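K.L.:
compute the structure for the input listed below.
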Amino acid sequence: MSKHNDTGGDVVQKKNIWGPMEMNCEQVLAELESIFDPEAVKKMARFGITARSALGVSIPNLRKMARNIGKDHALAQELWSTGILDARVLASMVDDPAVVTEEQMESWVREFDSWALCDQCCNNLFGRTGLAYQKAVEWTEREEEFVKRAGFVLMAVLAVHDKGAEDEVFCGFLSPIKREAVDERNYVQKAVNWALRQIGKRNLNLNQAAIEVAEEIQAIDSKSARWIASDALRELTGEAVQKRLRR
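P.N.:
Numbers count the residues shown, from 1 in each chain. Here you go, the predicted model:
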């Protein structure tokens, strides 16, 4: 039986019997290796998801395993240290954001080697820490491709999930978005675009602010900037978004 995975391909789902709630790193790795899917790994590579080591375990299976394990900060550190993509994504799911330090965030972000790992860590863990807003801005100023991407992914994640945040916080993100819109690297420009669109979909005030910045970006003499702006404007001014925000 096939199921559509997050990379757009079909992955054969093998029957899983997850272990007990309390699992050590060796047991977790044994479970992951028991559902190793080489075809999924090949498909991941075609979508730019590369890593030194990967097992092709689907995100739904990792989430199921994370629910059974619960929060375990020590286990998360061990899983991360394996260098295995699937184990690292699982680490981001089981780690406790309340005890994640700035040192850990800086250590992990420097080891991001794919957009998938970057996005999963930001969505599952970093965006839930008390340092999320600080790092969202700081990392956009860094040169490393996936570190810079992480900053903009955090902006997008916070725009979607932090319902109580004030508009001023997200208006503050618009300046880095405009500044980095000229970055031609694929994984950076897509994240800049993502952040701009998510901010512009929060409410009418931020929608107008995002549209104004997108128009400014569109005027920049840069292929990347023109793509970011045109794609964002198409969605933010579109009937579906405007109707939902006015409702």
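K.L.:
would you map out the domains in the chain?
P.N.:
Listed domain ranges for the chain are 1-95, 101-247 (source: automatic domain parsing).
K.L.:
which of those has the lowest mean pLDDT?
P.N.:
Looking at those, the lowest mean pLDDT belongs to domain 1-95 (a mean of 78).
K.L.:
which of the domains of the chain sits most buried?
P.N.:
The highest mean neighbour count among the domains of the chain, using mean count of other Cβ atoms under 10 Å, belongs to domain 101-247: a mean of 19. Backbone N, C-alpha and C define where each C-beta goes, glycine included.
K.L.:
was I right about residue 121 contacting residue 107?
P.N.:
No - judged on Cβ atoms under 8 Å, residue 121 makes no contact with residue 107 at a distance of 11.6 Å.
K.L.:
how about the residue nearest the centre of the chain, what does it touch?
P.N.:
Closest to where the C-alpha atoms of the chain average out (Cα atoms, centre = their mean) is residue 119, at 1.8 Å. Each residue near residue 119 by Cβ atoms under 8 Å, 6 or more residues apart in numbering is listed here: residue 153.
K.L.:
quick check: closest non-adjacent residue to residue 121.
P.N.:
Of all residues not flanking residue 121 in the chain, residue 92 sits nearest, at 4.4 Å (Cβ to Cβ, 6 or more residues apart in numbering).
K.L.:
for the one you found, what are its contacts?
P.N.:
Counted by Cβ under 8 Å, 6+ apart, residue 92 has contacts 76, 120-121, 124-126.
K.L.:
now do it against residue 105, distance only.
P.N.:
Applying Cβ to Cβ, to the nearest Å, the value for residue 92 to residue 105 is 11 Å.
K.L.:
so what sits against both of these two?
P.N.:
Counting by Cβ under 8 Å, 6+ apart, the shared contacts of residue 92 and residue 105 are residue 126.
K.L.:
was I right about residue 160 contacting residue 200?
P.N.:
No - look at residue 160 against residue 200 with Cβ under 8 Å: they stay out of range, at 11.9 Å.
K.L.:
name the element the nearest residue to residue 122 once chain neighbours are set aside belongs to?
P.N.:
What sits nearest to residue 122 in space, not counting adjacent residues and going by Cβ to Cβ, 6+ apart, is residue 153, at 4.3 Å. When elements are assigned from DSSP states H and E, residue 153 belongs to helix 145-161.
K.L.:
going toward the C-terminus from that helix, what's the next helix or strand?
P.N.:
Following helix 145-161 in sequence order, the next helix or strand is helix 167-171 (DSSP H and E).
K.L.:
which strands and helices sit next to that following helix?
P.N.:
With contacts defined as 3 or more Cβ pairs under 8 Å, 6 or more residues apart in numbering; DSSP states H and E, the packing partners of helix 167-171 are helix 145-161, helix 204-218.
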